[in-house]
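Chemist: Predicted coordinates and the sequence they were generated for:
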Amino acid sequence: GGAIGLISSGNVDWASAVTIAASGIVSARLGARFAGYLDGAALKKLFGLFNILISPSLIIKSKIMEKTENRNQEQSENIMKDPNALDFTKLASMAAIGAFTGGISGLFGVGGGSITVPAVALLSDFSHYKVLGTSLAAMILPAISGAMAHNKAGRVIWGVAAPLSIGSALGCFVGGRYVVMNVDEETLRWIFSGVILSIGLKTYSAARGAVILKFLSKKKAGV
């Protein structure tokens, strides 16, 4: 839904999105299989820690870019003289993002936006609008791939998942098409970081007593 909204406003870099999706499809299935080695509380604790750690990434990147804007502009001009090298470097970075975020998406059972957005922002010079659009478009197929693996292992409650996905799609479309483009980039960064930090703190707090490193003891049935 959000991807469609941002696509309609021209905020998707398709070369990056396709590259992320292609590598993410495979790693999402691997992440979903690995999730079978962890109990629910351990997964929740890991997810909370991960979100806490990545929450400030967009703000930090923004501040660094402000201080080095002139230098980066000169470097960009030099790099643009060799467009093939630029494309290869960018696509290699996007493939690495896809492999990592796909695995994390499959492991935690999340859509991947909270992971892909900071990664794409840090490794590209896209506007925040294009970061959001590219990330959302890229993670559609990996999310489906991870969901299929979880479903095969009997870890999907369709009575909850179906209405949740419909509501999320509608909300994302409205937000991506009509809300995001009316909010300035700096405000969006702070909102995104604040939401991710809040989710991370709440999730970690709910599972702070979980023991993460017991996952090697026994593989869950059905994985």
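Modeler: Thanks, I have it.
Chemist: helix/strand/coil for residue 11?
Modeler: coil (DSSP: H, G, I helix; E, B strand; the rest coil).
Chemist: Next, count neighbours for it.
Modeler: 23 (other C-beta atoms under 10 Å). C-beta coordinates here come from the backbone N, C-alpha and C atoms, glycine included.
Chemist: residues contacting it?
Modeler: 127, 129, 130, 132, 133, 134 (C-beta atoms under 8 Å, 6 or more residues apart in numbering).
Chemist: okay if I get the residues you listed as CSV plus pLDDT?
Modeler: Formatted as CSV, those follow (pLDDT from 0 to 100):
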residue, pLDDT
127, 81
129, 80
130, 86
132, 82
133, 82
134, 87
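Chemist: And those residues, which is closest to residue 88?
Modeler: residue 134 (17.8 Å; C-beta to C-beta).
Chemist: Just the pLDDT at the nearest residue to residue 115 once chain neighbours are set aside, thanks.
Modeler: Counting by C-beta to C-beta, 6 or more residues apart in numbering, residue 101 is the residue found nearest to residue 115 once chain neighbours are left out, at 4.4 Å. On pLDDT, residue 101 comes in at 85.
Chemist: contacting residues around residue 101?
Modeler: 20, 24, 112, 115, 116, 119, 139, 142.
Chemist: May I ask which helix or strand encompasses it?
Modeler: Per DSSP states H and E, residue 101 falls inside helix 83-108.
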